[in-house]
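Undergrad: output the structure for:
(chains A and B)
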Amino acid sequence: MWNDVLALIWIVIKILIIVLPLMGAVAYLTLAERKIIGYMQCRIGPNRVGIRGIGQPLADGLKLFLKEIIVPSKANAYLFILAPVLTIAPALAAWAVIPFNQDWVLSNINAGLLYALAMTSLGVYGILMAGWASNSKYAFLGALRSAAQIISYEIAMGFALVGVLIAANSANLQDIVLRQSGGFFHWFWLPLLPLFVVYWIAGLAETNRHPFDLAEGESEIVAGFHVEYSGITFAVFFLAEYANMIFISALASIMFLGGWLSPFEGVPLLGSLFAWVPGIVWFVTKIAFFLFLYIWIRATLPRYRYDQVMRLGWKILIPVTIVWIVVASLAVELHVGPWFNY
Amino acid sequence: MLESYFPILIFILLGVAFGLVPVLASWIINPRKGYDEKLSPYECGFNAFEDTRMPFSVKYYLIAILFILFDLETAFLFPWAVVLDKIGWFGFGAMMIFLTLLVIGFIFEWKKGALEWE
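TA: I've put the predicted structure just below:
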């Protein structure tokens, strides 16, 4: 009995070790985004709170927390309040299977990748619920668009994950990383390059980010599904969106860029020079690279039109993934190269 | 085996708590002073003149149905991909037949214009 309680407390501590830095990362990702986009547009970005704007996320969080929660008339109050909670819970829970380093994982389950896919798909319920419960036309239209877009790109994303499974021969995320050991050119980005590109584009669409942000589309439907949300309920949606961005980046680096493995493995001089760097440093660096890519794309590309989004998802990404699944499984049967030779 | 899923259950519960606690705390400490104009749904500055729960394009429904088909397909592919090296050419051939059938259906949808969006 006493041992069970201790085990439970230990699990909770481990979860907090994952979630609290994640929350910090989300907070400072918002600042990084504003700063980077600012400099890309020849502005400075937020620089008033603290030294060079370092306190901005905390000030924003405090402000949102102290604002009134407005529940619109005729809105369904329970669903309205529940929607942000249902969005953030899977966004956080997905992190349970992410290996941060060799054996640094909360729950090393066999079906890790399946679990990750399941959790990222659950986010769409929160969005639909928010759009329906707000009783606002913009929210309703935004939720419809967002749901159709997310489920369309989920197919391409699922197929891309199947390609990784074929190459790695396991759905356990730690096995997937270990299968890629042997240096930069043994990572799956090279043999699965089309799937890597498809996964990344689908990841942008899944998180409703630019250039696929027409669920929010400020200039057409003001803010989409969360137009009626204020104060902390809006902040929770925001947290969930950014946590999802970091999760997609983490999954991309695990599946295609070798997770915590060093890029200099096997290189004559550099390999031994960087051997002391702990794996989590490489992992965080790879995540940061993908997050920068998110922000860079947002600053660069204009928004797609809705029919273009659907055409890209159904007519380009899905055929590409189906073809590459066949190619990858043929490569497994024929034991091609250093990647499929086991 | 099953006990490695227990931390996940705890994580999901904590995730719900992470969403619920700030919302409830904010609900309790902040004032709520609503009046008609403030609580009405946002619509470009004038009163809403139509019900929100209006009919919407059947396209969304079609996309959802197609999604179910393809997502089921992914569910079949997942276990197949993991054991592909053990089931050899027989497993490969079986899945290729299945994929061919699916692709024929996909081409049919494409030609019928179910994927067009105007």
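Undergrad: every contact and neighbour count from this point should use C-alpha atoms.
TA: Will do.
Undergrad: what about residue A:41, neighbour count?
TA: Other residues near residue A:41 number 12, with proximity taken as other C-alpha atoms under 10 Å in any protein chain shown.
Undergrad: how about the one 4 residues further on?
TA: Number of residues near residue A:45 (other C-alpha under 10 Å) recorded here: 18.
Undergrad: please, which helix or strand holds it?
TA: Secondary structure from DSSP states H and E places residue A:45 outside every helix and strand.
Undergrad: what's it sitting at in phi/psi?
TA: phi 80, psi -180 (degrees, to the nearest 10).
Undergrad: what's the distance between it and residue A:273?
TA: Counting by C-alpha to C-alpha, to the nearest Å, the separation of residue A:45 from residue A:273 is 38 Å.
Undergrad: what is the least confident helix or strand in chain B?
TA: Among the helical and strand segments of chain B, the one scoring lowest on mean pLDDT, DSSP states H and E is helix B:36-39, with a mean of 76.
Undergrad: do the next helix or strand after that one and chain A come into contact?
TA: Where DSSP H and E defines the elements, the next helix or strand beyond helix B:36-39 is helix B:58-82. Yes. Judged by C-alpha under 8 Å from any C-alpha of the partner chain, helix B:58-82 comes into contact with chain A at B:60, B:63-64, B:67, B:70-71, B:74, B:77-78, B:81-82.
Undergrad: Produce a ChimeraX select command limited to the buried residues of those.
TA: If you want just the buried ones from these in ChimeraX, going by 16 or more other C-alpha atoms under 10 Å in any protein chain shown, the selection is:
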select /B:63,67,70,71,74,77,78,81,82
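Undergrad: can I get the residues of helix B:58-82 next to chain A in JSON lines with pLDDT and distance to residue A:294?
TA: Below are these laid out as JSON lines (pLDDT from 0 to 100; distance: C-alpha to C-alpha, whole Å):
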{"residue": "B:60", "pLDDT": "84", "distance to residue A:294": "28"}
{"residue": "B:63", "pLDDT": "85", "distance to residue A:294": "27"}
{"residue": "B:64", "pLDDT": "87", "distance to residue A:294": "27"}
{"residue": "B:67", "pLDDT": "89", "distance to residue A:294": "26"}
{"residue": "B:70", "pLDDT": "88", "distance to residue A:294": "27"}
{"residue": "B:71", "pLDDT": "88", "distance to residue A:294": "26"}
{"residue": "B:74", "pLDDT": "88", "distance to residue A:294": "27"}
{"residue": "B:77", "pLDDT": "90", "distance to residue A:294": "29"}
{"residue": "B:78", "pLDDT": "90", "distance to residue A:294": "28"}
{"residue": "B:81", "pLDDT": "89", "distance to residue A:294": "30"}
{"residue": "B:82", "pLDDT": "88", "distance to residue A:294": "31"}
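Undergrad: quick check: mean pLDDT of the strand or helix carrying residue A:175?
TA: The secondary structure element spanning residue A:175 is helix A:173-179 (assigned by DSSP H and E). Averaging the model's pLDDT scores along helix A:173-179 yields 89.
Undergrad: what's the helix or strand following that helix packed up against?
TA: Counting by DSSP H and E, the next helix or strand C-terminal to helix A:173-179 is helix A:193-206. With contacts defined as 3 or more C-alpha pairs under 8 Å, 6 or more residues apart in numbering or on different chains; DSSP states H and E, the secondary structure elements packing on helix A:193-206 are helix A:137-168, helix A:231-256, helix A:318-334.
Undergrad: residues in contact with the helix holding residue A:175?
TA: The list of residues contacting helix A:173-179 from outside it, by C-alpha atoms under 8 Å, 6 or more residues apart in numbering or on different chains, reads A:97-99, A:102-103, A:108, A:112-113, A:165, A:168-170, A:254-255, A:258-261.
Undergrad: ok, 10 Å please
TA: A:97-105, A:108-114, A:116, A:164-165, A:167-170, A:186-188, A:251, A:253-261, A:339-340, A:342 (C-alpha atoms under 10 Å, 6 or more residues apart in numbering or on different chains).
Undergrad: overlap between the residues you listed and the residues near chain B?
TA: Restricting the contacts of helix A:173-179 to those adjacent to chain B (criterion: C-alpha under 10 Å from any C-alpha of the partner chain) gives A:97, A:108-111, A:113-114, A:164-165, A:167-170, A:340, A:342.
Undergrad: residue nearest the middle of chain A, spatially speaking?
TA: A centroid search over chain A (C-alpha atoms, centre = their mean) returns residue A:248, at 2.4 Å, as the residue closest to the centre.
Undergrad: if I look at it, how far off is chain B?
TA: Distance of residue A:248 to chain B, given as C-alpha to the nearest C-alpha, to the nearest Å: 18 Å.
Undergrad: burial of the nearest residue to that residue once chain neighbours are set aside, as a residue count?
TA: Leaving aside its sequence neighbours, residue A:248 sits nearest to residue A:203 (C-alpha to C-alpha, 6 or more residues apart in numbering or on different chains; 6.2 Å). The burial metric for residue A:203, expressed as a neighbour count using other C-alpha under 10 Å, is 25.
Undergrad: again, but for residue B:117
TA: The local packing count at residue B:117 equals 12, with neighbours defined by other C-alpha under 10 Å.
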